[in-house]
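> Compute the structure for the input listed below.
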Amino acid sequence: MEKRGRRARFTRPLTESPGACRPRHHRSPRRRLLFLWSTYFFSLSFTQYFSELTHLNQLASEGHNAFLFGEISTRGWWYYHLIVFFVKTPLPVLVLFVIGVLRIAPSVTQNAIRYTHFVYLFIPTLLYCLAASLTSLNVGYRYLLPVLPLVHIIASSVVRSWKLEVGSWDFKKLFIVSLFSVHSFSTFFTAPNFLSYFNELVGANGYKILSDSNIDWGQDLPALGRYLNGRKVYLSYFGQADPSYYGINATMLPGWPPPRNEPTFYSPADPAPGLYAISASNLSGVQLYDANAFAYFRELKPSSIINHSIFIFEIPERKPVTAIAQCAPTLLNNTGSLINKPIRQITFDCDKSLIIPNEPTLLLYPSEKSPIIGVGDPVHQWRWNSGITRYRLYRVESAESNSFIAKGKYLSLIKFDLTSEALILHWRVEEPAPPPVSIFAHFNYPDGALADSSDGLGVSAEHWQRGDVIITKHLIPKNLPQGVYEIKVGLYSLANGERVSEINLTQLKK
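Take a look at the predicted model:
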C-alpha cells in the first residue's frame, strides 16, 4: 500500500496471498453478499423462496411450450438457458465475464478456499445454471435474472486486476473504453425496447431463435396504434390488453390468449387481402393451438416491424384460391384447416405430372417431393414441432393463351421441353375426355418402327376442367442406342387402345 496523505491506494489484486494487506471489506465476502441482498430488497423470509421454487416446479411438471431455433417443445432443451444467455446478454458483459471466468478457473486447482471470490461468486452462478438446465420450463431470459448480479461482479473484476500488455504497451484501458463505447451505442439504439433486445451476435433475427418473453409480451400495442393511425388491420396479438383502447381498429385473428370467438373466416393458406399485424410469438406459433396458423406469413418479408415484436404484412388484392391439388396418395383428407371454405379437390401423380387449373390453386407436396417444373417458391410450409417440414404449398394459376402447337378435341399441345433425360409436355384441356385415357410418347426409328415408349398421364380425366393445363413428364429410355429418333405424342384410350390424337413432335438425337 502506498500512502499519500490521508488517502491510500491498494495496488495488489484480489488474488494475492492471504497475508497481504487489503481493505477490510475485501476480506469479507459475506458482507458483500449481504450488501447485494439489501440493495435488491430481497425478502428476509426464506420460505418465500421455497414457495416460488415450488410454484416453478409445478409449472415445469405441467409442461410449457418453448421455442428454440424453429422448434417447439414441451420438454425443453438442457442448453436453452445457455443459448438465451449468450444471445441476450450484451456483448461487452459477455466478453468481460468470459475473461473473468478464465482467470478464476485455474485458481481452483491451486486452492479453492484461498480464492473466496470464486467460491462466493462463480460457484452459485454455476449451480444455478446447472439447475436451470435440468428444468423443462424454458420460457425466457428473466429466469436468469438471479445470477446476473454475480455475472456482473465477475465481469467487473477484470477491470481492476486483469492485464493486457503487448511488450511495453498496456492496452487494457483502450480495451475497456472500447467495450464501454460499444455497450453505450448498443443501449442508445435499443432504447426503450429492451425486452426485445438481442445482442450483435443475432441482431434482427432474434425472433427466429427465441420467442415468448424473450422478445414479445404484448408490450407494443401503443406503438402499433401510432403506426396504424386508424387504418383497419387483421391482428394476431400475444397479450391480454384491449387493442381498441389504443385506437386500433382490429379484426382479431388466432392469438394468445385465444379470442372469445375464434375466427371462422381466416384461411391460413390463403389469407384475405389487407393489412396484417402479427405478434412475434404468434408468428412462431409457440403458444397457439395451431402452431402453423401463420406459416404463410413466415414465408413473406414484412413491410414493417414494430420494435422487433409485431410484424406488419400487406396482402395485395388477388383472386381467392378455389382449388387444391395433392400428390397421390393424398396427405390430407380434410383441407379445411388450410382453406376455410369448400373448394375443388384434385389428386395427381406428382412424380410424372402436374396440373395447373384455370383458377387460383394450391399445390400440396410432401416434403420429399418437388414439382416437375418450376412453379416458384412455396407460399406455406407446414412444420412439425421438431421444425421438420411435413408438406409445402405452392400457389399457381394457368394463364389464358390462344397459342398452341397442335390443337385437339380434348387436349391441345401448347408447349414442350426436351432434354437428354426427359420430355416435358404442356397440354391445355379443351374439354374433359371420356375416361380412362393416357398420354403416349413414342420414340421411333427413321423407318417408323417403334424403338421405345414412355407413356403416362398422372391426372385422371375425372378431374379435368376446361382451361386446365396438364403437364406430363416422360423419361427418355436409357436403353436407346445412339441415333436419331422421331418422337410422336398424343392421347389414347386405355379401354381399347384407340388413339384419340397423334402429333409428330420433333427428333431426338442420342
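> okay, and for this protein, where does confidence drop off?
1-50, 52-53, 56, 60, 105-119, 161-170, 261-263 (pLDDT under 70).
> give me that answer again for 50
Scanning the chain for pLDDT under 50 picks out the ranges 1-25, 27, 113.
> List the buried residues for stretch 434-441?
Residues of stretch 434-441 classed as buried by neighbour count (16 or more other C-beta atoms under 10 Å): 437, 439-441. Heads up, the C-betas are built off the backbone N, CA and C, glycines and all.
> now stretch 354-372
For stretch 354-372, by 16+ other C-beta under 10 Å, it's 354-365, 371-372.
> about what we covered before: if we take the buried residues of stretch 434-441, which one ends up nearest to Pro302?
Nearest to Pro302 out of the buried residues of stretch 434-441 is Ile439 (C-beta to C-beta; 43.8 Å).
> what helix or strand is the closest one on?
Following DSSP states H and E, one finds Ile439 within strand 437-444.
> Return the distance of that strand from the chain's centre.
Centre-to-centre, strand 437-444 and its host chain are 45 Å apart (C-alpha atoms, centre = their mean, to the nearest Å).
> all helices for the stretch 101-250 of the chain, in order.
116-117, 123-133, 148-161, 172-190, 221-228 (DSSP state H, counting those that start in this stretch).
> Kindly tell me how buried Leu457 is, as a neighbour count.
The tally of other residues near Leu457 (other C-beta atoms under 10 Å) stands at 23.
> And for it, nearest residue in space, chain neighbours not counted?
Ser438 (4.4 Å; C-beta to C-beta, 6 or more residues apart in numbering).
> what are the C-alpha coordinates of whatever helix or strand comes next after the strand holding Ile439, in CSV please?
Using DSSP H and E, the helix or strand that follows strand 437-444 in sequence is strand 450-453. Listed next in CSV are the C-alpha coordinates belonging to strand 450-453 (Å, rounded to 0.1, in the frame of the first residue of the first chain):
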residue,chain,number,x,y,z
LEU,A,450,-41.2,-48.3,-82.5
ALA,A,451,-37.9,-48.2,-80.6
ASP,A,452,-39.3,-47.5,-77.2
SER,A,453,-42.1,-45.6,-75.4
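> May I ask you to confirm that Ser438 is in contact with Asp455?
Yes - the pair formed by Ser438 and Asp455 meets the contact definition of C-beta atoms under 8 Å, at 5.8 Å.
> Residue for residue, what is the longest strand this protein has?
Using DSSP state E to define each element, the chain has its longest strand at strand 484-493.
> what's that one packed up against?
Strand 484-493 is packed against strand 411-418, strand 422-429, strand 437-444, strand 503-509, with contacts defined by 3 or more C-beta pairs under 8 Å, 6 or more residues apart in numbering; DSSP states H and E.
> Flag every buried residue along it.
485-492.
> any idea of the angle that strand forms with strand 411-418?
When axes from the mean of the first three to the mean of the last three C-alpha atoms, to 10 degrees is applied, the directions of strand 484-493 and strand 411-418 differ by 150 degrees.
> And the contacts of strand 484-493?
Outside strand 484-493, the residues that touch it by C-beta atoms under 8 Å, 6 or more residues apart in numbering are 408, 410-411, 413, 416, 418, 423, 425, 433-434, 436-446, 448, 451, 474, 498-510.
> circling back to that earlier point, among the buried residues of stretch 354-372, find me the one that's closest to His55.
Leu364 (44.5 Å).
> need the strands for the stretch 301-450 of the chain, in chain order.
304-306, 310-315, 323-327, 344-348, 353-356, 361-366, 380-383, 389-396, 411-418, 422-429, 437-444, 450-453 (DSSP state E, counting those that start in this stretch).
> want to throw those into TSV with distance to Asn334?
Shown next, in TSV, are the strands of the stretch 301-450 of the chain (distance: least, C-beta to C-beta, whole Å):
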stretch	distance to Asn334
strand 304-306	35
strand 310-315	24
strand 323-327	11
strand 344-348	10
strand 353-356	20
strand 361-366	12
strand 380-383	14
strand 389-396	14
strand 411-418	31
strand 422-429	27
strand 437-444	29
strand 450-453	39
